[in-house]
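Student: coordinates only, no sequence provided:
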């Protein structure tokens, strides 16, 4: 299993970023994919899920600002982040599975990518 995130960087408050995660080594199209994040000195936070049927779910603080999507032909999951705030600063991780994976298998390399840093600052 390999998950490779990209698209992070430094952005000003109110700006946007689009994260990508290219997956390999498992049947992507049948898998629920998740984004999670960890801010400096803070715990893991579930951000969003997208199921194999395309249905998506978001943490309350991300609703209306973040959009998760997937391209099964490219085995890629995306996270479009708009109206970014300084409190969105974190390492963002791509995870196979849903919230239960974030809770039960934190940073398990069989389920997690290495992350991409997002910094929101002026």
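Tutor: Noted; the coordinates are in hand. This one's a predicted model, so the numbers in the text were calculated from it and none came from an experiment. Numbers count the residues shown, from 1 in each chain.

Student: which non-adjacent residue is nearest the residue nearest the centre of the chain?
Tutor: Most central in the chain under CA atoms, centre = their mean is residue 35, positioned 2.4 Å from the mean C-alpha point. Distances taken as CB to CB, 6 or more residues apart in numbering put residue 47 closest to residue 35, at 4.2 Å, once the chain neighbours are dropped. Quick note: C-beta positions are derived from backbone N, CA and C, even for glycine.

Student: and the next element down the chain from the helix or strand containing the one you found?
Tutor: Take DSSP states H and E as the rule and residue 47 turns out to sit in strand 44-50. Per DSSP H and E, the first helix or strand lying C-terminal to strand 44-50 is strand 56-58.

Student: list the buried residues of that following strand.
Tutor: 57-58 (16 or more other CB atoms under 10 Å).

Student: mind listing what's buried in stretch 58-66?
Tutor: In stretch 58-66, counting by 16+ other CB under 10 Å, buried: 58-59, 62, 66.

Student: and residue 86, its phi and psi?
Tutor: Main-chain torsions, residue 86, degrees, to the nearest 10: phi -60, psi -30.

Student: contact partners for it?
Tutor: 13, 120-121 (CB atoms under 8 Å, 6 or more residues apart in numbering).

Student: name the nearest of the residues you listed relative to residue 2.
Tutor: Closest to residue 2 out of these is residue 120 (27.8 Å), distances taken as CB to CB.

Student: tell me who's in contact with the closest one.
Tutor: By CB under 8 Å, 6+ apart, the contact set of residue 120 is 11-13, 15, 84-89.

Student: who does the helix or strand of the chain with the lowest mean pLDDT touch, helix- and strand-wise?
Tutor: One helix or strand of the chain scores below all others by mean pLDDT, DSSP states H and E: helix 99-104, with a mean of 92. Secondary-structure packing of helix 99-104 (3 or more CB pairs under 8 Å, 6 or more residues apart in numbering; DSSP states H and E): strand 33-38, strand 44-50.
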